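*Asks:* Structure, please.
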Amino acid sequence: MTEEEVPQEELQICPICHKARHLGVLETCTKCKTALTHDKSDPNTGYCAICEPLIPSSILEECSLAIAQAAPEDVGCTISSQKRNTKKYYKSMNSWMDTLEELNDITNDSPLPEDNMEASCCIRWATYISFTVNLLLLAAKIVAVSSSVSYTIISSVTDSALDIIAGTIISCTAAHSKFTREDLDKYPLGKSRVHVVGILVFSVLMAACALYIILQCILSLVGHQVPDKTTLPAIIIMGATIGIKLTMAIVYYLLGHPITKTLAEDHRNDVLTNSFGLFMYWGSSKLGWWMDSAGGIVLSAFIVFSWTMNALENAKMMLGKSAPPEIIRSITYVAAHHHPLIMSVEQVIAFQAGPMYLTELHIVVPGNLPLELAHWIGESLQLKVERMPDIERAWVHVDCESHNENEHVLFMRAAGKLEQEPPQSTQNVSVNVEQPQTPEQV
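*Replies:* Numbers count the residues shown, from 1 in each chain. Reported below is the predicted structural model:
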């Protein structure tokens, strides 16, 4: 195809001479292409035909701008997914470099990391205030139910009653978050898992009560039970509950503690459920009688779903789920750079048994190393790892050779190395004992 055969609207200006037209995007004209394909030192080229410099800096800038603004298919680049992966890779590497700076600053003399699950006096008072407010709102909603029987308000009352149970569990967790030396005899790993167990118990109670309310609402819809008319006290109480819960959700989230964040999430859910419940309660007398029972079903279903997800998340913590690769990589880096006598890091195991991680390390040192020095290397590494963020407890095993498949019976069983063989009878075992010679035999 020649330039005359190309439609006029598809012709582009040559990016070098800005005069001739070419056939495609970012393609040079015939004269410029001829000049570019010859060597500058060849006097027989048509190089002198171009009066201006071959590629001025302004032209390079314009070409770069055109390539940057062009679509990927125009410049022959259709690997946008590869670009995203590359960008994600460099972003993760930048995050890892920031983590390395923090890990290099950790020493045995570094201050101990703060216990995120240990509640201060302010946090404990916040849980007590939340418990008191939930108790007052429960009493107010009971008054609202007495003035107008509604499944939507009953669902809200049940939610408030369960908030009392949740507040009791969380208050007990905050009160027992601190432990002394005597507590270590009963709880050698601390009491950070009390909060997780409390959330699991509360989730089961919440889901059971919500399922019962769903059953009652379905029966009311089948029986065409018309709810009572709306009353002004019930609407005022529900509106006040929404305002109070919204304020507490914002304040408790800003406190930043894991316990208060759990309470803030509960208050946020109460704002959503009470707002929807107030609308359905008002609509049962203005729009349709079925809205009250339907609102109770929707609210209870939301309660079941949200707390089931919460229970699954906390159950994974108690099941000993493996730590993410970022945690294991950080522990491996700290162990490998701890001491020059550490020949290799044989194995790193990190798992979650609560809100934080427990880790087990196997390092290899020279076999002729004195016991005192090997013990010091392992103990100092243990204290260093326990100063890392999100690490609750660390165990360091010092080995002189690599044999990680035989470290634990669990690993040997997983590898199929444990064979159930019956023990050999002692009658079939012959032991040759050399008798000492008597003086006469000598």
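
*Asks:* now the strands: where do they sit in this protein?
*Replies:* 12-13, 21-22, 321-322, 344-352, 357-364, 391-399 (DSSP state E).

*Asks:* Of those strands, which is nearest residue 256?
*Replies:* strand 391-399 (19.7 Å; CB to CB). (C-beta placed from N, C-alpha, C; glycine too.)

*Asks:* okay, the angle between that closest one and strand 344-352?
*Replies:* 150 degrees (axes from the mean of the first three to the mean of the last three CA atoms, to 10 degrees).

*Asks:* Go through strand 391-399 and flag the buried ones.
*Replies:* Neighbour-count burial for strand 391-399 flags 391-394, 396, 398-399 (criterion: 16 or more other CB atoms under 10 Å).

*Asks:* Now residue 151: closest residue in space that isn't a chain neighbour?
*Replies:* residue 296 (3.6 Å; CB to CB, 6 or more residues apart in numbering).

*Asks:* Next up, the contacts around that neighbour.
*Replies:* 151-152, 154-155, 213-214, 216-217, 280 (CB atoms under 8 Å, 6 or more residues apart in numbering).

*Asks:* Just give me the closest of the buried residues of strand 391-399 to residue 242.
*Replies:* Nearest to residue 242 among the buried residues of strand 391-399, with distances taken as CB to CB, is residue 392, at 38.8 Å.

*Asks:* Any idea how many residues pack against the residue lying closest to the closest one once chain neighbours are set aside?
*Replies:* Distance criterion CB to CB, 6+ apart; nearest residue to residue 392, sequence neighbours excluded, is residue 356 at 3.8 Å. Counted with other CB atoms under 10 Å, residues neighbouring residue 356 total 21.

*Asks:* Could you check how far residue 356 is from residue 391?
*Replies:* 7 Å (CB to CB, to the nearest Å).

*Asks:* if you go through the stretch 201-350 of the chain in chain order, where are the helices?
*Replies:* 232-255, 258-286, 291-318, 325-336 (DSSP state H, counting those that start in this stretch).

*Asks:* Against which helices or strands is the first one packed?
*Replies:* Based on contacts counted as 3 or more CB pairs under 8 Å, 6 or more residues apart in numbering; DSSP states H and E, the elements that helix 232-255 packs against are helix 121-147, helix 151-175, helix 258-286.

*Asks:* among those helices, which is nearest residue 105?
*Replies:* Per CB to CB, nearest to residue 105 of the helices and strands packed on helix 232-255: helix 258-286, 24.6 Å.

*Asks:* avg pLDDT for the closest one?
*Replies:* For helix 258-286, the mean pLDDT works out to 82.

*Asks:* Show me what that helix is packed against.
*Replies:* helix 121-147, helix 151-175, helix 194-222, helix 232-255, helix 291-318.

*Asks:* residues contacting the residue lying closest to residue 311 once chain neighbours are set aside?
*Replies:* Of all residues not flanking residue 311 in the chain, residue 203 sits nearest, at 3.6 Å (CB to CB, 6+ apart). Shown in contact with residue 203 (CB under 8 Å, 6+ apart): 307-308, 310-311, 314.

*Asks:* Next: residue 308.
*Replies:* Per CB under 8 Å, 6+ apart, neighbours of residue 308: 203, 207.

*Asks:* do you know how far it is from residue 263?
*Replies:* 19 Å.

*Asks:* Could you work out the end-to-end span of stretch 223-230 for me?
*Replies:* Distance across stretch 223-230, first residue to last, is 20 Å (CA to CA, to the nearest Å).

*Asks:* Any buried residues in it, and which?
*Replies:* 227, 230.

*Asks:* Also stretch 123-141?
*Replies:* 123-124, 126-127, 130-131, 133-134, 137-138, 140-141.

*Asks:* lowest-pLDDT helix or strand in the chain?
*Replies:* strand 21-22 (a mean of 54; mean pLDDT, DSSP states H and E).

*Asks:* Kindly reformat the strands of the chain as a markdown table containing distance to residue 196.
*Replies:* As requested, the strands of the chain are exported to a markdown table (distance: least, CB to CB, whole Å):
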| stretch | distance to residue 196 |
| --- | --- |
| strand 12-13 | 65 |
| strand 21-22 | 69 |
| strand 321-322 | 12 |
| strand 344-352 | 10 |
| strand 357-364 | 13 |
| strand 391-399 | 13 |
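
*Asks:* Least reliable of those strands by average pLDDT, please.
*Replies:* When I compare these, strand 21-22 is least confident, with a mean of 54.

*Asks:* Contacts for stretch 346-354 next, please.
*Replies:* Against stretch 346-354 from outside (CB under 8 Å, 6+ apart): 189, 192-193, 196, 316-318, 320-323, 327-328, 331-332, 335, 357-364, 391-392, 399, 402, 404, 407.

*Asks:* if we go to 6 Å?
*Replies:* Contact partners of stretch 346-354, identified using CB atoms under 6 Å, 6 or more residues apart in numbering, comprise 192-193, 196, 317, 320-323, 327-328, 331-332, 357-362, 364, 402, 404.
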